[in-house]
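S.K.: Prediction below, plus the sequence it came from.
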Protein chains: 2
Amino acid sequence: MEKFSSEPQPLLALVDALRRLPGVGVRTARRMAYHLLQHDLQAAEQLGQALTEAVERLQHCEQCNGFTEVPVCATCEHPERDASLLCIVETPADQNSIEATHGYTGMYYVLMGSLAPLEGRGPDELDFGRVLKRAGNGLVKEVILATNFTAEGETTAHYLSESLRALGIKVTRLARGVPAGSEIEYVDAGTVAWALMERRPT
Amino acid sequence: MEKFSSEPQPLLALVDALRRLPGVGVRTARRMAYHLLQHDLQAAEQLGQALTEAVERLQHCEQCNGFTEVPVCATCEHPERDASLLCIVETPADQNSIEATHGYTGMYYVLMGSLAPLEGRGPDELDFGRVLKRAGNGLVKEVILATNFTAEGETTAHYLSESLRALGIKVTRLARGVPAGSEIEYVDAGTVAWALMERRPT
């Protein structure tokens, strides 16, 4: 019997499991575990159930690769959406942002990531073959690349753009420029440079 | 049928459940959910199981109030630990820090919080009656107050100190002073002031 105490096994197991969440280190995991066990047992039960249900019930949409409970999601099945437009995004969160504009009624494809060859995420890992097949179904007239304006997102857009053009599909990219409602004085120089280069007639 | 998509219910439920973790807002919760579902299904299952087990199997130690799988924890049951010393800490993490010194072999009491009357955490919520009963069991000769050196921790220590002294129990507090290994030039003035006031003969 050790003279100095160690914590009970279920607590250690919970801390270990919480550490696997992105951005959660051992101290944060410990704080979360204590909080759940001491102050919010109901939240612990709720989270446990939600995880089990999500793992059991969610799958990837056969068409857009987003999360869904059925083989083809409601967005892809919707009769009023425009099948000639395909918007490629990195994550479901990006798709939500575009839906929130209420200005786009085409289809989506969710990459579930971006190219990062140094981290082992190449075109095969992201299943680009499937993306090209989806875009080349004969109905799609234009692909809108809505990957992030980060190094990884730009690389992804560049790579997809080349491959899609080779298939003879029209490819566009979200406009770069000064954000709505912002004062030019406070916008970074790179953004202003893009806005100048891509200036439009009024 | 809504033209604009909403996410599948199990995903929304998972995001909601993750938001109940301390320090997790809706964006972080969403990122965690996507990460688990897309890149680490195994972690999702592991966390689900760990939560269920922790909720089912952990209870509070009858003596020290810490988390344990049995009515009285191994630390409280240990025959070689000194029953005349009782160290009062705010959280199990604080208890771990003190155990990590390998310099203390007395008993513990874990408050599971600190006094914060404005947030509704008064002496009754922290069950101070139980603390006083534990300290006044006739075996405890000295209570070491090891609450944090924050406003809340100091308030807690002050309150407990008064109540324990009224019971005729010797009460001490962890020493305040310059941290080991630090250069005085870079230590904050408040700490140096305490270190001066509480200077000791060498």
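M.R.: Received it, and whenever you're ready, just let me know what you need.
S.K.: Give me the domain ranges for chain A.
M.R.: A:9-57, A:61-201 (automatic domain parsing).
S.K.: Out of the ones you listed, indicate the one that is most buried.
M.R.: Of all the domains of chain A, domain A:9-57 carries the top mean neighbour count, a mean of 19, counting by mean count of other Cβ atoms under 10 Å in any protein chain shown. All C-beta spots, glycine's among them, are computed from the backbone N, C-alpha and C.
S.K.: I'd like the mean pLDDT over that domain, please.
M.R.: In this model, domain A:9-57 has an average pLDDT of 91.
S.K.: for that domain, how far is the first residue from the last?
M.R.: By Cα to Cα, to the nearest Å, the extent of domain A:9-57 from end to end equals 30 Å.
S.K.: That domain and chain B in contact?
M.R.: Yes. Applying Cβ under 8 Å from any Cβ of the partner chain, one finds domain A:9-57 touching chain B at A:9-11, A:13-14, A:16-18, A:20-23, A:27-28, A:30-38, A:40-41, A:43-55, A:57.
S.K.: Quick one: mark the members of those that sit in helices.
M.R.: A:9-11, A:13-14, A:16-18, A:27-28, A:30-38, A:41, A:43-55, A:57 (DSSP state H).
S.K.: remind me, longest strand of chain A?
M.R.: The longest strand of chain A (DSSP state E) is strand A:82-89.
S.K.: What lies in contact with that one?
M.R.: Strand A:82-89 is contacted by residues A:95, A:98, A:104-111, A:131, A:134-135, A:139-147, A:160 when judged by Cβ atoms under 8 Å, 6 or more residues apart in numbering or on different chains.
S.K.: again, 6 Å this time
M.R.: Contacts with strand A:82-89, where a contact means Cβ atoms under 6 Å, 6 or more residues apart in numbering or on different chains, come from A:95, A:105-110, A:135, A:139-146.
S.K.: how far away is A:E80 from chain B?
M.R.: In this view, A:E80 and chain B are 6 Å apart by Cβ to the nearest Cβ, to the nearest Å.
S.K.: For the residue nearest to the spatial centre of chain A, report the pLDDT, please.
M.R.: For chain A, the residue nearest the mean C-alpha position is A:T91 (1.2 Å; Cα atoms, centre = their mean). Looking at A:T91, its pLDDT is 90.
S.K.: Please tell me how far it sits from chain B.
M.R.: On the measure of Cβ to the nearest Cβ, A:T91 and chain B end up 6 Å apart.
S.K.: For B:I169, see how far away that residue is.
M.R.: Using Cβ to Cβ, to the nearest Å, A:T91 is found at 58 Å from B:I169.
S.K.: In chain A, where is pLDDT below threshold?
M.R.: Filtered on pLDDT under 70, chain A yields the residue ranges A:1-5, A:202.
S.K.: What segments of it are strands?
M.R.: Counting by DSSP E, chain A has strands at residues A:59-60, A:67-68, A:82-89, A:106-110, A:142-145, A:170-173.
S.K.: Identify whichever of those lies nearest to B:A151.
M.R.: strand A:67-68 (44.6 Å; Cβ to Cβ).
S.K.: starting at the chain centroid, how far to the closest one?
M.R.: 12 Å (Cα atoms, centre = their mean, to the nearest Å).
S.K.: Please apply the same query to stretch A:193-202.
M.R.: How far stretch A:193-202 lies from its chain's middle: 28 Å, per Cα atoms, centre = their mean.
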